[in-house]
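Visitor: missing the sequence, but the structure's below:
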């Protein structure tokens, strides 16, 4: 039986960060709890914070379950995480600048050339081009799990367009509205500086040809996208336009928005669409999506794209293993955050070990995401394991494996009262003129008892995440 | 403002106005069905309703003969009918969702609530709903939206585009309503002024919710020329062609001044002004001479061209 670290209770004792919540939890009558839960749900629906899932039938405006029990970090805990995350974000950007330039890390033999240059996410189209300030990934989402009081692991990095930050902000708004006394009694660091910081970050990487205050816009795939709410929410908070491909066109070395007053020059694009749909002339000639000529304008310094095309090569699951090596190589520092030990099925010895220990490991596809296409050994039937064994044997390069981590738990409201449920954490690190991190992040919680999968597509929920001030 | 945002706002208003027109048509149909026939069967009335809503072809393809219950379903609930009340309200709400941040919370609430309620209505058995109740519900939603816009929106380009949408849709809808009534029921000028004619016109007034307003404005007997004046040329009548045109012109002026363009120089304004000038100088007798149908066809065409100019000037974003 695995021991899981409970972030609130150490044996019978309440751990210090949660002192302010113990009384609140015990004194809340169950009727009040039900009322508050209904109130929270009504607020989410009213504001329109829904996760649109089209094409699956049922309600197209689905809510991600919100758990009212906050997850808490102390200031020292957070400072340690913050340093580690910023270090990682810097190293990932240094790596991207390098592999689209001279490729020193490959020449030095620290990372196999094949993993970089033959990676699907490697964009030849931007090789040799240096984006403003040499930054490729402007918003880095680092997914973390905790296994003990001082033990954190990085599960994966998201260098393209990590989503979910609107939940971090809205969860806080709703908690403050419903439980103001909690915020009077506990000194909780605010997270609402995020949108200003994001706007500053984006403005700080304006292209070379931009004069004066840069015009920023968010590029969305459109209102059928499941994250459309987040796109429109961020645009609104920053006071910038939310554009779709057809709203833009390129001419005379610049990118323009179609407005009611004629064309308006656009300087910085925070894109929430994949590389492949940016420019049909460059990436997907068969695609009707995208803005023809955008990549030419980008490479000639007429517009900035955040994150830069090609940033995805840094957050690939096969590259992940080498991030600690990047920290040492580019920054000359020891990594402050640990990777989860990972076996590459592409390597013969690793693959052998994985196949022998399938029932204890978590196996993932190299390019998979969203909790799909993975095997959680200890929670799987013999048949599922055997199925997966064949898949790995057929195409070992496509898989990595990690030990099943004992994810920490935090108290969570459930049908019968309060019970421990497993959680992870995604903070959002901004990289521009400065490297910044708001004190907080998105805590995802696996609501099903015993489940270790926190993805919203697999029945996960979200929580407000507190960092206590000193 | 992004051209697409302006376009979405423009269409929120158009769809809501269209939903209301559709509901009012249905209400009139239901009312006629309760009145004893005066020589005409009900059947042709329902047919004229379908004609008025521009959905006759779609309906006969799907249902064949016009039966009241089917017509009610088709005009109110049917998603295959792009002009049904449900289709219009859903599209109004979806257009609003796309530009959620360009409208106020209250405007969004109104549209979102209408959308949620209509889903509830759909889940209930049809027998529990009276068509008149449904139609009143639609008129109420439409009024709520106008109230929310008026009470909470900044007087900026977004507000003007929404109102422009309302005005152009109304001009078009009113003209079509008058045209169909006339075309279907009064094939010859000699019939103008007959008792039957007046009854049909009265129905039209009810469809435009103007029956009482008409009496306050004119008094005395209903005559075709009074009604034509009221629905086409009277600036006091809220749904007359002249009122709708004036409203469109007003909001085009607002846009020009908001964008600090020299007044009266935009192509849409010039067109709107030309329509307005003509209406100002027209007498009812002249319309009868030209032929009401011909006059209305010309008017609908002009409103269409005006809309195209708005599209080209503001909503395509190509340049001004």
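Guide: Noted; the coordinates are in hand. Worth saying up front: this structure is predicted, and the values here are computed from it rather than measured. Residues are numbered from 1 along each chain as shown, chains lettered A, B, ... in the order given.
Visitor: Quick check: the residue of chain A nearest chain B.
Guide: residue A:258 (2.2 Å; C-beta to the nearest C-beta). For glycine as for every other residue, the C-beta is placed from the backbone atoms N, C-alpha and C.
Visitor: quick one: the closest residue to that residue other than its chain neighbours and residue A:308, what's the gap?
Guide: Spatial nearest neighbour of residue A:258, excluding adjacent residues (C-beta to C-beta, 6 or more residues apart in numbering or on different chains): residue B:317 at 2.2 Å. Distance, residue B:317 to residue A:308, using C-beta to C-beta, to the nearest Å: 27 Å.
Visitor: Name the helix or strand for residue B:91, please.
Guide: helix B:85-98 (DSSP states H and E).
Visitor: what residues does that helix touch?
Guide: A:48, A:223, B:8-9, B:11-13, B:15-16, B:18-19, B:22-23, B:26, B:75-79, B:81, B:103, B:107-108, B:111-112, B:114-115, B:118, B:122, B:134, B:138, B:141 (C-beta atoms under 8 Å, 6 or more residues apart in numbering or on different chains).
Visitor: And stretch A:245-264, by the same measure?
Guide: A:209, A:215, A:217, A:219, A:241, A:243, A:265-266, A:269, A:273, A:277, A:289-294, A:296-297, A:300, A:302-303, B:1-4, B:6, B:157, B:161, B:255, B:259, B:314-320.
Visitor: now it: mean pLDDT?
Guide: The average of the pLDDT scores along stretch A:245-264 is 94.
Visitor: pLDDT weak spots in the stretch 101-250 of chain B?
Guide: B:180-200 (pLDDT under 70).
Visitor: still on that earlier bit, ok but the residue of chain A closest to chain B is inside a strand, no?
Guide: Yes - counting by DSSP: H, G, I helix; E, B strand; the rest coil, residue A:258 falls inside a strand.
Visitor: residue ranges for the strands of the stretch 1-150 of chain B, please.
Guide: With strands called from DSSP state E, counting those that start in this stretch, the stretch 1-150 of chain B shows none.
Visitor: give me the residue from it nearest chain A.
Guide: For the stretch 1-150 of chain B, C-beta to the nearest C-beta, closest residue to chain A: residue B:101, 3.9 Å.
Visitor: Would you mind confirming that that residue is in contact with residue A:240?
Guide: No - in this structure, residue B:101 is not within contact of residue A:240 by C-beta atoms under 8 Å, at 10.2 Å.
Visitor: Just give me the neighbour total for residue A:136.
Guide: 30 (other C-beta atoms under 10 Å in any protein chain shown).
Visitor: just to revisit the earlier point, mean confidence score for the helix holding residue B:91?
Guide: Helix B:85-98 comes out at a mean pLDDT of 94.
Visitor: for stretch A:204-219, same thing?
Guide: For stretch A:204-219, the per-residue pLDDT averages 95.
Visitor: same thing with stretch A:416-436?
Guide: Computed over stretch A:416-436, the average pLDDT equals 94.
Visitor: Phi and psi next, for residue A:122.
Guide: phi -80, psi 120 (degrees, to the nearest 10).
Visitor: likewise residue A:87?
Guide: Given degrees, to the nearest 10, the pair of backbone angles that residue A:87 has is phi -60, psi -40.
Visitor: Same question for residue A:275.
Guide: Residue torsions, per degrees, to the nearest 10, at residue A:275 are phi -50, psi -50.
Visitor: do you know how far it is from residue A:364?
Guide: 22 Å.
Visitor: before we move on, the earlier item: how about the residue of chain A closest to chain B: which residues does it bridge to?
Guide: residue A:263 (DSSP bridges).
Visitor: Could you do the one 10 residues further on as well?
Guide: Beta-bridge pairing of residue A:268, defined through DSSP bridges, involves residue A:216, residue A:304.
Visitor: isn't it right next to residue A:307, touching?
Guide: No - look at residue A:268 against residue A:307 with C-beta under 8 Å: they stay out of range, at 11.7 Å.
Visitor: Identify those among the contacts of stretch A:245-264 that sit within strands.
Guide: If you go by DSSP state E, the contacts of stretch A:245-264 have A:217, A:219, A:241, A:243, A:265, A:266, A:269 in strands.
Visitor: helices or strands next to the helix or strand harbouring residue B:216 in the packing?
Guide: Assigned by DSSP H and E, residue B:216 belongs to helix B:211-218. Packing contacts for helix B:211-218, counted by 3 or more C-beta pairs under 8 Å, 6 or more residues apart in numbering or on different chains; DSSP states H and E, involve helix B:195-207, helix B:224-228.
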